[in-house]
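Chemist: sequence first, predicted coordinates after that:
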Amino acid sequence: MNWIQNRLNKTTKFAFIYKMLLIFSLAMISSCAKDVLNMTPLDRLSDDAVWKDGNLMQTWINNTYRVMPQGHTNGAQMIANISDESYYRTGRPNYITAGNITPTTLGVLDFWTQGGEARTDFGYWQVITKCNIFLEKVGSSPIDLTLKDRMTGEMKFLRAYSYFRLVAFFGGVPLVIKPFNLNDNFDIPRNTYDECMNFVISELDDAASLLPLDYNDAEKGKITKGAALSIKSRALLYMASPLNNLTNDITKWQKAADAAKAVIDLNIYSLFPSYKDQFLRVNSYNSESIWSRPFNYAVSPEYNHDWGGVEQSLYPNGYNGYGQCNPLHNLVKSYEMISGKLPADDPAYNPQNPYVNRDPRFYATILYDGALFKDRPVETFLPGGKDSNEGAIEPNNATVTGYYLRKFIDESVTDPNLESQGNSPWIFIRYAEILLNYAEAEYFLGQQDVCRQYINMIRNRPGVNMPLVSESGDS
């Protein structure tokens, strides 16, 4: 019976201990009830912490830059491939050129939900959401006022640019300028084109007033005052164009001219000496580049993790590349002869030797049969060309037009499948565009002499030196 008594004694002891622990726990819960659901998370930064720390706020902004669509991965290259400029060999944009696009299958034009790709982790609405959250929180942040103003300028710019791009694709869109709450009405109608663009211009003006002209080397790539004024120039030119200015309101052209001239009058930009090399990483943030996106292949390649960087995507197949973007002959024949005439108008043009004596920018942009590329001439000829579909290296990656794209690639990359990529930046806007914006606006204002002057600055740029334009009139 002793073992029974001992068991009862132990049971009583455990019951007593359990009761005491239960009472202690209840007391703790009762005394700390207000804090149980308000504990600081251990696996992430709390919302409160982010908006009190300038470094964490900068990280938020950096991530906003990251999710902005850019032209290497989406945008410019893909849009070129659904135009009469080039053909995308692997087929992603080609159902659009075949006339199979629908409102629910926009593909590479789906900048509404996917940033132009089958991904939802970046895009213009994602940028707008991040900007709205930031701009709601930044006012109560205790950080230095100068830093707060600069950050506000960056985010106002990124939001304005995102809306500008959405409007360019879709016309008027819903203007969402604050974060949604759970009980908000999500059924928001579209604003008009003018409402959206007036908002864009206003935000760009605000941004320009808050941003510096330049940054130190460690912060290069952030939005500057010049970038805000330059995108304003582009936006006002779009607003003045015949597509959006049906009555040809001359005051819109004047605003576009004034905006471009404001960038010119900053006197901090100039045409880079090498048209071809300005797009390479070694010349990032050059004198012509107003706003560009840098890349680090190991973290975020210019093109796509699945397909590598720009070099892997664009190198001809005979150089171990994928040769995905194939320029069309429409683009090739649009490049003038060094005489300043189009090939069809120049008696010196020889269709049996069509690539001699062309605009230097042609050679910087197009790889054609016989073009010297790296260690040998490109061979797209048949039969047996090394860069044709009869080449020994990946015949399925050969061009279907006879041309490859040279622009943007870093030719120091020996094997695009084995080496770190060239990390060419994406230039969103450069000074050459501002000069052309000003020329176009002045043309529509009747100032043809000013128009010619600024066009000729581009034609006479270092390394190009094409004959100056002297024509006048509507053509």
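Modeler: Good, I have the coordinates. Small disclaimer: the values here were computed from a predicted structure and weren't measured. Residues are numbered from 1 along each chain as shown.

Chemist: got the buried residues for stretch 129-138?
Modeler: Of all the residues in stretch 129-138, those buried under the rule 16 or more other C-beta atoms under 10 Å are 129, 130, 131, 132, 133, 134, 135, 137, 138. Just so you know, the C-beta spots here come from the backbone N, C-alpha and C atoms, and that holds for glycine as well.

Chemist: count of neighbours near residue 140?
Modeler: A count of nearby residues for residue 140, using other C-beta atoms under 10 Å, gives 8.

Chemist: contacts only, for it.
Modeler: Neighbouring residues of residue 140 by C-beta atoms under 8 Å, 6 or more residues apart in numbering: residue 51.

Chemist: measure it to residue 63 for me?
Modeler: For residue 140, the distance to residue 63 (C-beta to C-beta, to the nearest Å) stands at 21 Å.

Chemist: please apply the same query to residue 133.
Modeler: In terms of C-beta to C-beta, residue 133 sits 11 Å off from residue 63.

Chemist: next one: residue 162
Modeler: 14 Å.

Chemist: name the residue in the two with the higher neighbour count.
Modeler: residue 162 (26 against 13).

Chemist: and the more buried one, what does it touch?
Modeler: 68, 124, 125, 127, 128, 131 are the contacts of residue 162 under C-beta under 8 Å, 6+ apart.

Chemist: and these, which of them are in helices?
Modeler: 124, 125, 127, 128, 131 (DSSP state H).

Chemist: quick one: which of those is nearest to residue 450?
Modeler: residue 124 (34.6 Å; C-beta to C-beta).

Chemist: state the pLDDT value of that closest one.
Modeler: With respect to pLDDT, residue 124 has a value of 94.

Chemist: neighbours around it, how many?
Modeler: With other C-beta under 10 Å as criterion, residue 124 counts 25.

Chemist: the nearest residue to it once chain neighbours are set aside: what secondary structure?
Modeler: Sequence neighbours aside, residue 162 is the residue nearest to residue 124 in space, at 4.0 Å (criterion: C-beta to C-beta, 6 or more residues apart in numbering). Put simply, residue 162 is helix when judged by DSSP: H, G, I helix; E, B strand; the rest coil.

Chemist: ok, now residue 470?
Modeler: Per three-state DSSP, residue 470 ends up coil.

Chemist: check contacts around the spatially closest residue to it that is not a sequence neighbour.
Modeler: In space, and not counting its chain neighbours, residue 470 is closest to residue 452: 7.2 Å by C-beta to C-beta, 6+ apart. Contacts for residue 452 were tallied using C-beta under 8 Å, 6+ apart; they are 439, 468, 469, 470, 472.

Chemist: and residue 452, that one's in a helix?
Modeler: Yes - under three-state DSSP, residue 452 sits within a helix.

Chemist: report pLDDT for it.
Modeler: Value for residue 452, per-residue pLDDT: 97.

Chemist: same check, this time on residue 473
Modeler: 77.

Chemist: check the gap between the most centrally placed residue in the chain and residue 333 for me.
Modeler: Residue closest to the average C-alpha location in the chain (C-alpha atoms, centre = their mean): residue 70, at 2.0 Å. Separation of residue 70 from residue 333 (C-beta to C-beta) stands at 29 Å.

Chemist: got it, and residue 451?
Modeler: 25 Å.

Chemist: please report the distance of residue 372 from residue 268.
Modeler: For residue 372, the distance to residue 268 - C-beta to C-beta - is 36 Å.

Chemist: over to residue 380?
Modeler: Residue 380 is 42 Å from residue 268, by C-beta to C-beta.

Chemist: now do the SS call for the residue lying closest to residue 391 once chain neighbours are set aside.
Modeler: Once flanking residues are discounted, residue 391 sits nearest to residue 318: 4.8 Å by C-beta to C-beta, 6+ apart. Using three-state DSSP, the structure places residue 318 in helix.

Chemist: which residues touch residue 318?
Modeler: So residue 318 contacts 378, 379, 385, 386, 387, 391, 392, 393 (C-beta under 8 Å, 6+ apart).

Chemist: pull the most distant pair out of these.
Modeler: 378 and 392 (14.9 Å).

Chemist: for the stretch 301-450 of the chain, just list every one of the strands.
Modeler: Per DSSP state E, counting those that start in this stretch, the stretch 301-450 of the chain has strands spanning 325-327, 366-367, 372-373, 376-377, 404-405, 426-430. These are given in chain order.

Chemist: ok, back up a step: could you export the contacts of residue 452 as CSV, including neighbour count?
Modeler: Formatted as CSV, these follow (neighbours: other C-beta atoms under 10 Å):
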residue, neighbour count
439, 23
468, 13
469, 16
470, 8
472, 10
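
Chemist: okay if I get those residues as JSON lines plus distance to residue 462?
Modeler: Putting those into JSON lines (distance: C-beta to C-beta, whole Å) gives the following:
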{"residue": "439", "distance to residue 462": "19"}
{"residue": "468", "distance to residue 462": "15"}
{"residue": "469", "distance to residue 462": "18"}
{"residue": "470", "distance to residue 462": "21"}
{"residue": "472", "distance to residue 462": "27"}
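
Chemist: residue ranges with poor pLDDT in the stretch 1-150 of the chain?
Modeler: Low-confidence segments of the stretch 1-150 of the chain (pLDDT under 70): 1-46, 73-77, 91-92, 115-121.

Chemist: and the strands of the stretch 301-450 of the chain, which is most packed in?
Modeler: strand 404-405 (a mean of 28; mean count of other C-beta atoms under 10 Å).

Chemist: would you map the strands across the stretch 1-150 of the chain?
Modeler: Going by DSSP E, counting those that start in this stretch, the stretch 1-150 of the chain shows strands at 86-88.

Chemist: sorry, back to before: more neighbours: which of residue 380 and residue 268?
Modeler: Comparing residue 380 with residue 268 by neighbour count (other C-beta under 10 Å), the higher total belongs to residue 380, at 26 against 15.
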